[in-house]
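In: below are the sequence and a predicted model for it; my questions follow.
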Amino acid sequence: MVKSSIVPIPPSLVGLPVITPEPWLQVDDDPHKLLEGPSFDREGNLFITSIFDGRVLKITPDKKVAIIFDDRLFVPMVPLFTKD
């Protein structure tokens, strides 16, 4: 619970539980990579894009990473899934 802050906490928010994020999976050690566009399919696989190197990555629920698309001339943004 937050009890103090350098920024005043409104009285209505004092004592609320705080969720602290924790790392889930390290995909790449390069701090200059930009991973974005998280999308999930029906099986719970996470798809993200690495826009500066033209990759689309698939991460399974058990944290296995696979590159499913790799084309440096392409700038993938957000994978999109439909019901088909």
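Out: Everything's here; your move.

In: for the protein, just list every one of the strands.
Out: In chain order, the chain shows strands spanning 35-40, 46-50, 55-59, 65-70, with DSSP state E as the criterion.

In: where does pLDDT dip in this protein?
Out: Per-residue confidence of the chain (counting by pLDDT under 70) places the weak regions at 1-5, 81-84.

In: in a markdown table, list the strands of the chain along with mean neighbour count.
Out: Yep, even glycine has a C-beta here, placed from its N, CA and C like the rest. Putting these into a markdown table (neighbours: other C-beta atoms under 10 Å) gives the following:
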| stretch | mean neighbour count |
| --- | --- |
| strand 35-40 | 13 |
| strand 46-50 | 20 |
| strand 55-59 | 19 |
| strand 65-70 | 12 |
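
In: name the nearest residue to Ile59, ignoring sequence neighbours.
Out: Of all residues not flanking Ile59 in the chain, Leu46 sits nearest, at 4.3 Å (C-beta to C-beta, 6 or more residues apart in numbering).

In: how about the contacts made by that neighbour?
Out: Contacts here follow C-beta atoms under 8 Å, 6 or more residues apart in numbering; on that basis Leu46 touches Pro38, Ser39, Phe40, Lys58, Ile59.

In: so how far is Phe74 from it?
Out: According to C-beta to C-beta, to the nearest Å, Leu46 stands 20 Å off from Phe74.

In: distance-wise, check the residue lying farthest from the centre of the chain relative to Ile19.
Out: Among the C-alpha atoms of the chain, the one farthest from their average position, using C-alpha atoms, centre = their mean, is that of Pro11, at 32.3 Å. In this structure, Pro11 and Ile19 are 21 Å apart, going by C-beta to C-beta.
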